[in-house]
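# What follows is a predicted structure for the sequence shown.
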Amino acid sequence: MRRRVTVTVEEGVVRAAEAAVAAGRSPSVSEWVARAMADRAKRERLADVLAGIRAELGPATDEETAWARSVLGL
């Protein structure tokens, strides 16, 4: 289900969304914003999962961090 909301954003962000639509990278400004919001929600959920893992197991070692970065291409 989709729901209409009203948001206020900086002019530069609006121009970026409009440019994405003009370039064919997004079908609409609404879809561009919805995708950005979904991406943010996913990152926040992942941060919560990682925080739980750190709380249970402690921080990652340097070796584990290097492995994760290589797998993620960071």
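Yep, that arrived.
# Give me the buried stretch members for the helix or strand harbouring Ala68, please.
Assigned by DSSP states H and E, Ala68 belongs to helix 62-72. Judged by neighbour count (16 or more other C-beta atoms under 10 Å), helix 62-72 contains no buried residues. (C-beta placed from N, C-alpha, C; glycine too.)
# Just the mean pLDDT for it, thanks.
Helix 62-72 shows a mean pLDDT of 94.
# And for stretch 21-33?
97.
# Please identify the buried residues of it?
Using 16+ other C-beta under 10 Å as the burial criterion, the residues of stretch 21-33 that qualify are Val21, Ser26, Trp32, Val33.
# from memory the third one sits against Ala17, does it?
Yes. Trp32 sits in contact with Ala17 when judged by C-beta atoms under 8 Å, with a separation of 4.4 Å.
# Now the common contact residues for those two.
Listed as contacting both Trp32 and Ala17 by C-beta atoms under 8 Å, 6 or more residues apart in numbering are Ser26.
# Which residue ranges of the protein form helices?
For the chain, the helices defined by DSSP state H occupy 11-22, 29-57, 62-72.
# Of those helices, which is nearest Met1?
Smallest distance to Met1 across the helices of the chain (C-beta to C-beta): 12.5 Å, for helix 29-57.
# Check the offset of the helix holding Ala68 from the chain's centre.
Averaged C-alpha coordinates place helix 62-72 at 20 Å from its chain's average position (C-alpha atoms, centre = their mean, to the nearest Å).
# And the contacts of that helix?
Residues outside helix 62-72 that contact it (C-beta under 8 Å, 6+ apart): Ala60, Leu74.
# I'd like to check the angle between it and helix 29-57, please.
Helix 62-72 and helix 29-57 are oriented at 160 degrees to each other (axes from the mean of the first three to the mean of the last three C-alpha atoms, to 10 degrees).
# Quick check: mean pLDDT of stretch 38-51?
Mean per-residue pLDDT for stretch 38-51: 96.
# residue with max distance from the center of the protein?
Glu63 (25.9 Å; C-alpha atoms, centre = their mean).
# Could you report the separation of it from Ile53?
Distance, Glu63 to Ile53, using C-beta to C-beta, to the nearest Å: 16 Å.
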